[in-house]
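Chemist: okay, here's the prediction I keep looking at, along with the sequence it came from:
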Amino acid sequence: MRQVTPKLAAMVIAGGIALATPLKAAEDVVIVYDASGSMWGQIDGTSKIEIAREVMADLVDGWDADTNLGLVAYGHRSQGDCADIETLVAPGPLDKTAFIDMVNAIRPVGKTPISASVQHAADLLSFRDNPATVVLISDGVETCNADPCALSAQLAKQGVNFTAHVVGFDLEDAAHASLSCIAENTGGVFVPAGNAAELHDALAQVQSAMDMKPVAPEPAPEEPALPEVQISGPETVTTGAAFDVSWSKSIHDRDYITIVPAGTKEGEHGAYIRVGDKAEGRLTAPADVGLYELRYIQNDGRHTLASAPIEVVKAEVAISGPETVTTGAAFDVSWSSSIHNRDYVTIVPAGTKEGEHGAYIRVGDKAEGRLTAPAETGLYELRYVLNEGRRTLASAPIEVVGAEV
């Protein structure tokens with residue numbers, strides 16, 4: 001973790017009380033504010049949202065008026081919506097009164113999309129091109145099926161000088177690791193606070209750390225230089241789609257190219273291809289959306305020689321067919337686009353478990369085909385299924401009725 005500086009202390013007090021002297025940050029700062037429904041919980045008879053408002057008012061009141069400060073909130077507009085993330089104040093010169101009024105108007109109702117909110121704030125700060133600092137204040141862990149630890153590692157790798165500081169507000173002990181890793185991966189600080197006394201203790205620790213000089217780490221032993229290789233691919237790819245990847249040269253024909261979730265442990269792999277004597281090839285994207293890495297890996301020792309970020313996004317596909325069909329009859333079915341030529345269209349009983357199939361056809365490079373209805377009457381579904389991961393991308397209801405013969 002990064003040594004605490006006066007600027008850093010200014011950020012950390014978002015989880016405690018304000019210092020007496022004005023505070024000024026060296027670069028743009030965005031506060032990510034938790035407005036999930038759990039913020040109505042109480043500490044010593046006072047709701048956490050009220051405590052947070054008072055703390056934010058103290059923080060902003062002590063902040064230098066020339067500081068570029070922004071505000072992003074999540075969970076403040078709708079329940080159960082992981083996309084409920086909004087820029088309430090764009091980074092710019094601080095208007096203290098307007099900023100505090102905006103904080104006081106927030107009403108917690110929703111979920112806790114921590115990863116997407118930190119990504120939103122980083123993009124708002126153009127973190128790939130400029131030094132950027134995000135301060136996350138949260139009383140809970142990620143509830144939107146994402147990995148904040150992997151995301152923060154990816155942001156630290158992609159950013160010019162990206163730092164995230166985290167205030168864990170009234171967290172259970174088991175939840176600390178899922179938030180502290182955000183700070184650890186980006187060189188920030190993590191400050192847990194459970195009540196007023198702990199907030200004061202946390203600030204005392206920060207102020208003590210400000211006076212400590214960093215200890216220079218012992219130089220690491222030199223390792224043999226690895227061959228220089230570059231790898232490239234698209235910035236984004238849809239789930240289950242085949243895509244092109246290239247590399248500058250092949251070190252050994254048994255080396256391989258793989259795609260793995262961002263932050264995956266060294267030596268592990270997902271779908272892969274051997275490099276052979278080529279400099280390009282095709283991979284298939286995973287079935288799950290998220291941040292990933294393309295890696296060139298040495299077969300000898302499983303060392304990663306090069307990597308490049310890639311995001312896997314949801315594929316948009318629609319499927320259609322007749323509303324009813326008679327038992328055993330052939331019928332036409334169509335789909336809006338083919339993601340991968342090994343994907344397939346199938347008919348299964350309504351509610352069938354994900355990944356199972358009945359009669360099916362491969363989509364190839366077409367957008368329509370013919371299936372045969374089952375022999376049993378009942379409610380069924382037409383499904384477009386990714387070959388990668390057997391994930392259903394689209395479905396449509398269809399009823400199989402008895403044939404009159």
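Modeler: Sure, I can see it. Numbers count the residues shown, from 1 in each chain.

Chemist: can you list the low-confidence ranges for the stretch 251-400 of the chain?
Modeler: Along the stretch 251-400 of the chain, no part satisfies pLDDT under 70.

Chemist: ok, now the stretch 101-250 of the chain?
Modeler: Looking at the stretch 101-250 of the chain by pLDDT under 70, you get 174, 195-227.

Chemist: switch to 80 and redo it
Modeler: 140, 160, 167-178, 187, 191, 193-227 (pLDDT under 80).

Chemist: could you show me where the strands are in it, in order?
Modeler: 131-138, 161-169, 190-193, 231-232, 236-238, 242-247 (DSSP state E, counting those that start in this stretch).

Chemist: give me the distance between Ser250 and Gln298.
Modeler: 11 Å (Cβ to Cβ, to the nearest Å). Every residue, glycine included, has its C-beta placed from N, CA and C.

Chemist: ignore what I typed, I meant Val32.
Modeler: Applying Cβ to Cβ to Val32 and Gln298 gives a distance of 39 Å.

Chemist: so between the two, which is more surrounded?
Modeler: Neighbours per residue, other Cβ atoms under 10 Å: of Val32 and Gln298, the larger number sits with Val32, 25 against 18.

Chemist: paired strands for the strand or helix carrying that one, with orientation please.
Modeler: Element membership for Val32 (DSSP states H and E) is strand 29-34. Strand 29-34 sits in its sheet next to strand 68-74 (parallel), strand 131-138 (parallel), going by DSSP bridges.

Chemist: quick one: buried residues of the shortest one?
Modeler: Within strand 68-74, the residues that qualify as buried by neighbour count (16 or more other Cβ atoms under 10 Å) are 69-74.

Chemist: one more: the longest one?
Modeler: By neighbour count with 16+ other Cβ under 10 Å, strand 131-138 contains the buried residues 132-138.

Chemist: equivalent analysis for stretch 335-346, please.
Modeler: 335, 338-340, 343-346.

Chemist: so which of the residues you listed belong to strands?
Modeler: 335, 344-346 (DSSP state E).

Chemist: and those residues as TSV, adding distance to Ala241?
Modeler: Shown next, in TSV, are these (distance: Cβ to Cβ, whole Å):
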residue	distance to Ala241
Trp335	14
Tyr344	15
Val345	16
Thr346	19
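
Chemist: so which of the residues you listed comes closest to Ala394?
Modeler: Trp335 (7.0 Å; Cβ to Cβ).

Chemist: how about that closest one: what's its closest non-neighbour residue?
Modeler: Nearest residue to Trp335, sequence neighbours excluded (Cβ to Cβ, 6 or more residues apart in numbering): Ile319, at 4.7 Å.

Chemist: okay, that neighbour and Arg107: tell me how far apart.
Modeler: For Ile319 relative to Arg107 (Cβ to Cβ), the value is 40 Å.

Chemist: from Gln230, how far off is the residue minimising distance to the centre of the chain?
Modeler: In the chain, the residue lying closest to the centroid (Cα atoms, centre = their mean) is Ser115, at 4.5 Å. Distance, Ser115 to Gln230, using Cβ to Cβ: 28 Å.

Chemist: and what of Ile85?
Modeler: Distance from Ile85 to Gln230, by Cβ to Cβ: 34 Å.

Chemist: and the contacts of the helix or strand hosting Ile398?
Modeler: In this structure, Ile398 sits in strand 392-401 according to DSSP H and E. Here strand 392-401 makes contact (Cβ atoms under 8 Å, 6 or more residues apart in numbering) with 239-240, 315, 317-327, 335-336, 339, 343, 347, 350, 354, 373-374, 376-386.

Chemist: try stretch 347-365
Modeler: Under Cβ under 8 Å, 6+ apart, the answer for stretch 347-365 is 335, 338-346, 369-374, 378-385, 390-392, 397-398.

Chemist: so how far is Ala403 from Leu379?
Modeler: 17 Å.

Chemist: I meant Arg107, not that one.
Modeler: Arg107 is 58 Å from Ala403, by Cβ to Cβ.

Chemist: same question for Ser232.
Modeler: 56 Å.

Chemist: quick revisit: need the strands paired with strand 29-34 in TSV (columns: distance to Asp61).
Modeler: Formatted as TSV, the strands paired with strand 29-34 follow (distance: least, Cβ to Cβ, whole Å):
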stretch	distance to Asp61
strand 68-74	12
strand 131-138	16
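
Chemist: so which of those is nearest Lys111?
Modeler: strand 68-74 (7.8 Å).

Chemist: quick one: average pLDDT of that closest one?
Modeler: For strand 68-74, mean pLDDT is 88.

Chemist: how about residues contacting stretch 42-49?
Modeler: 35, 38-41, 51, 106, 108, 139, 169-170, 194-196.

Chemist: could you pull out the buried residues of that stretch?
Modeler: Neighbour-count burial for stretch 42-49 [16+ other Cβ under 10 Å]: 43, 48-49.
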